[in-house]
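J.: sequence unknown, structure follows:
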């Protein structure tokens, strides 16, 4: 999934860290929790996931820890122990609650966490009104808002995994729209010349530190498909014995899929005709992009198909020429969709470079 | 802890499985959950524990599975999947949801589980009104009630463990009464002659199958202390290097405490002066019985003290001569108390044979 | 297997700890190693097993540690580090080399271990010649000899397991004799009256501490089969679905066999017609006793057969009335044999109470 | 360690795969085993290591599997099961014996493995005499010889680890030469211009497939130290709290060293003044290169020192300009040595780019 909405604008663009923008991000997070029962906020379905309650608290802790504590005189946290409970990977800040134990924290309750959020929001809005043009406050607020958007995506990903572990197969929400099976756009490749190119962030908008520094890379000529790989194409790989052919897998991947007995994408049914989604079990749309693949699966598919995965630099060079448009959070679909068909689409450029499926966390 | 209230009376004693008795057991379970937040019903703090929600559902499933399905014409469960989710160790009934995954079942919600209980209660009461004198229904109802009382104890034990894992150290409820440190009753031993004795259940009251058959045992003369071992006595064992002396431990026990780095009872603070209880962290009462010991710890303490643990038969012979009276659920204390001092007590017999600390699950 | 030869006689019986008896035990251990390649002395096939080299050294260490160090003036070990390497479970003696790592000790070499044995033997013989009638030396020597006999059994058991892990299925030695398939002695039961009986060692012969003290037990009337359970009887249990029937297994056993995917005795082939032995893979003798069962398997078989396992006291009472005679180490067969048929046997008493299969380590 | 001798010459250079060259590689492997006791050939000290016996057999299996079976009419292996036992990671060839169990294969014995080697050698020499100029045979023989040289390095690395696990700390062999503590060459940096460069193998000599294809890379200007990091420099990092400073470690590395309690290089003594080597425990030479570091440790050191690790391309560009000369197997030292001091060295170029410490397996 690639659910993150377009990033909050940067400092240069008319006060992006205004209370308005801040409140929009914060309220979006809470709105994503609307369909949840209180019970759903508690559980942690694997060590790499976190309870929804934890996401709500941790994103608030971020503002408290890095902004309020240093910029609000005599700031007092509603509960000083929250620093220990809701710190995550910021080793520099101090010790933290062991990650795999997050699902045991039935307290603070959801109500208490929401009160914590309200407290942080009130303090932040007051601070932004008074000193929102302070460069450091602005930069940190912008960082916190982007950080919270990352957790919006994690929150949904984690709920999806949690629900998939429940034999009742609960749905996060009912299907909003269910179109007819999509038409399949034929695959073809766009070629790129390569050469010495620059990748990494440029300009003045907000970026994460791992998007810097901008630097030069040398690219050989390469080609990129006009759309993402579909469920039907991946099913063909499976039916052709893809998971039993050592020769198309990297050695570590082959070891992994045998040790873990993988035979298909994580959320697919054994019959290969349905998958678990945030709308519960749903028929597999043949034309929709395959998703929730590990790096090893994507790589094996590409080798089987006589292609290879694009490098990060190749993808970035291709994407940098395109408008940022796609199936992101604003579409409110929460699942990859088939590529738009030709009629609605400019054939001169690849589709689905943004949204639908996240390529950057593909392992 | 030994929280189970005196058992529901048997069939011979004026309709114990009447709707009145049934409803009393069922409502007691729910009353034990009154102090819980909804979040507290969900989490499972270790594979051997279960979420409160699961206890509530599983005890209802028991009546549905073993009584309603076979004695109510056209009985329909509110959700047929509950049979899979809330079956436990009854292999004969069919497959079941994997035990360590119970904490991931955020659905059915607490409200749905309570509705399930209400449904089962209504059906059971109707059945008991109409056919409560059917011998099989009566016997199974009695079994289900005693089974539920066991889960009342587990529910509290599991909540205690769950809360102990939370750095916030929540209390199940505030201390009801907190007396001054209790007076220590000096320890002395009662002697018993031994001989050929009978143990196992007799009479017509309800018993579990593992209390049968009644059979003869040969006992050498033995002695039993007049009260349970206290916290102060156990602390002396620790301070005397008890956990570092290989010679007082069984070999398996020595391996275990070294592997797990045990240095004191599970719920004790490192400073040996407080312990985690259902009332949160509390000062250790020197005169109260030590509790939550493993079998290995109890055995090592006894060897260190120049004594030994009583055998099951010795304990049963001593207890069979005593009235069933002690710190059980009805006292509403939920923690072991110091033995009553001499004034209030008949010196001719040992104390604390019932209640306070459960000897039968001591590993 | 039950390979231990009749115990060395006790002190009362004409100098059992004479150099002659001592040397006989010591040379027997080495003779058991004759069929081994040097490579076979090194490996440890599981944490509970030990390399042959370790058995040879550890049994020598025992004499050095408990006799030579305290009774030989200025005794010097060939290598003081051997104390650390070859101590086993004697916590009181000091720290020891971690058990699962024994297979990594390629040094000392087999030749060095044999030199260590020769050194200890020479010192012991000299001591026994001079002071063999010292009561303490005599008692400790007797203990060391019996201890070494236990390790003779372990040495063979561990080699058997090690060879079973090798796809080449090496044989410890070729079959010495291979008789025709044995005749099956029909099973019938001997009854015993029970009553108040005494068990535990009596008399003046050597005993291990866990055979004491002699004490009274109360036995109900019971019955014991005239021979051990055979391979064909156990195969019938398997073919009747024994490993798939939860109702004949103890709960822990059922969990274990499912977790470990047990479907037959450890050394049996999947086809149930051959088993791994010290002579390599051999056809299963239908009339020979089934061996290498866990306690859970023996218990499940008994329940399936409508019987139960005898208690330790029942077995001891029956065996105490019999002459110690059976398929022990002296027969040099190294595998259980079918019960002798009626002609050769006194029908008034059960067979195979000694030798063939060890009942005391059955888990 | 970087023990591999200069590669066997390629086909173009006067018959490198002649029987002479073949026999030289094969006999070198066996010569490396001269100091071993038979016992040392058996054990496997961790899943990633292999017993010496396995290395000897596996390298022979390679020639049998890929050359003899297809080029010798009616070729018969001494034991067809060897194919299963001594296959390693060649999935395409078929199933194989589980890697962590290699230490349990006490058979075939060392003598049998040596006979297997002799058989393969005889067959190979005969084939090379007759058809050594067949292009395919020549190429595969060359590959097998280079493959065997890799296993020569592994064999020594694995023996080193095995001996380090033994409290007796055996030495593979006595120190040949022990010079005075070396003089420390001051560190300074050579600068490189970068630009579009080519890396990957060129020319006609033998190369492994992962050295191809030769391709272009873009390099920014960079600098490389004139020698390897020394033990004294690394000790300073440790004494400065390097292993306790989260900020100099990659996140995965920080997790790893805390989980595994790493506080120093694997073979260093706790006192930081000696290290385990193939000559047993030896004083640490302050001027010698630090070795047996994980990637995470090397990276953390570099960050602490205000530098960074060179990329593969940077290292290759620097090394490609240098003669292949250094402390390789031919020096027969088997441990990294201090960089030669200035007098003996051309100051215009970096030292120690070859030999001493292997950079390519640094994790």
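T.: Received it, and whenever you're ready, just let me know what you need. What you see is a predicted model, and the numbers here were worked out from it, not measured in a lab.
J.: For the rest of this, base every contact and every neighbour count on C-alpha atoms.
T.: OK.
J.: residue contacts, the residue in the stretch 201-350 of chain A that chain B sits nearest to?
T.: Nearest residue of the stretch 201-350 of chain A to chain B: residue A:280, at 13.3 Å (C-alpha to the nearest C-alpha). Residues near residue A:280 by C-alpha atoms under 8 Å, 6 or more residues apart in numbering or on different chains: A:169, A:170, A:171, A:172, A:173, A:174.
J.: Just the buried ones from these?
T.: Buried members of those, counted by 16 or more other C-alpha atoms under 10 Å in any protein chain shown: A:169, A:170, A:171, A:172.
J.: Show me which pair in those is furthest apart.
T.: Pairwise distances across those (C-alpha to C-alpha) peak at 9.6 Å, for the pair A:169 and A:172.
J.: list residues touching both of the two?
T.: With C-alpha under 8 Å, 6+ apart as the test, residue A:169 and residue A:172 both reach A:163, A:280.
J.: Please identify the buried residues of the top helix by length along chain A?
T.: Among the segments of chain A that qualify as a helix by DSSP state H, the longest is helix A:135-164. By neighbour count on 16+ other C-alpha under 10 Å, the buried set for helix A:135-164 is A:137-146, A:148-149, A:151-164.
J.: Same check on stretch A:237-255?
T.: The neighbour-count check on stretch A:237-255 (16+ other C-alpha under 10 Å) flags A:237, A:238, A:242, A:243, A:246, A:248, A:249, A:253, A:254 as buried.
J.: So the first one: helix, strand or coil?
T.: Yep, that's residue A:237 we're talking about. Put simply, residue A:237 is helix when judged by DSSP: H, G, I helix; E, B strand; the rest coil.
J.: And it, how far from residue A:249?
T.: Residue A:237 sits 13 Å away from residue A:249, going by C-alpha to C-alpha, to the nearest Å.
J.: Same check on the third one?
T.: Computed as C-alpha to C-alpha, the residue A:242 to residue A:249 distance reads 9 Å.
J.: Quickly list what's touching both of those two.
T.: Common neighbours of residue A:242 and residue A:249 (criterion: C-alpha under 8 Å, 6+ apart): residue A:300.
J.: surely residue A:60 meets residue A:122?
T.: No - applying C-alpha atoms under 8 Å as the test, residue A:60 and residue A:122 come out as separate, 11.4 Å apart.
J.: Mind giving me the packing neighbours of the helix-or-strand element of chain A with minimal mean pLDDT?
T.: None of the helices or strands of chain A scores lower by mean pLDDT, DSSP states H and E than helix A:82-86, at a mean of 91. On a contact count with 3 or more C-alpha pairs under 8 Å, 6 or more residues apart in numbering or on different chains; DSSP states H and E, helix A:82-86 meets helix A:52-63.
J.: For the helix it packs on, the averaged confidence score.
T.: Helix A:52-63 shows a mean pLDDT of 97.
J.: Model confidence score at the residue of chain A positioned farthest from its centre, please.
T.: Note on chain A: the largest C-alpha distance from the chain mean falls to residue A:74, namely 36.2 Å (C-alpha atoms, centre = their mean). pLDDT for residue A:74: 94.
J.: Then residue A:355?
T.: 85.
J.: If it is in a bridge, with which residues?
T.: Counting by DSSP bridges, residue A:355 is bridged to residue A:327.
J.: cool, and residue A:274?
T.: residue A:283.
J.: Need the phi and psi values for the nearest residue to residue A:109 once chain neighbours are set aside.
T.: The shortest distance from residue A:109 to any non-neighbouring residue, by C-alpha to C-alpha, 6 or more residues apart in numbering or on different chains, is to residue B:39 (6.5 Å). In terms of degrees, to the nearest 10, the main-chain angles of residue B:39 are phi -60, psi -30.
J.: Distance-wise, check residue B:39 relative to chain D.
T.: As for residue B:39, its distance to chain D is 31 Å (criterion: C-alpha to the nearest C-alpha, to the nearest Å).
J.: Perfect, that will be all.
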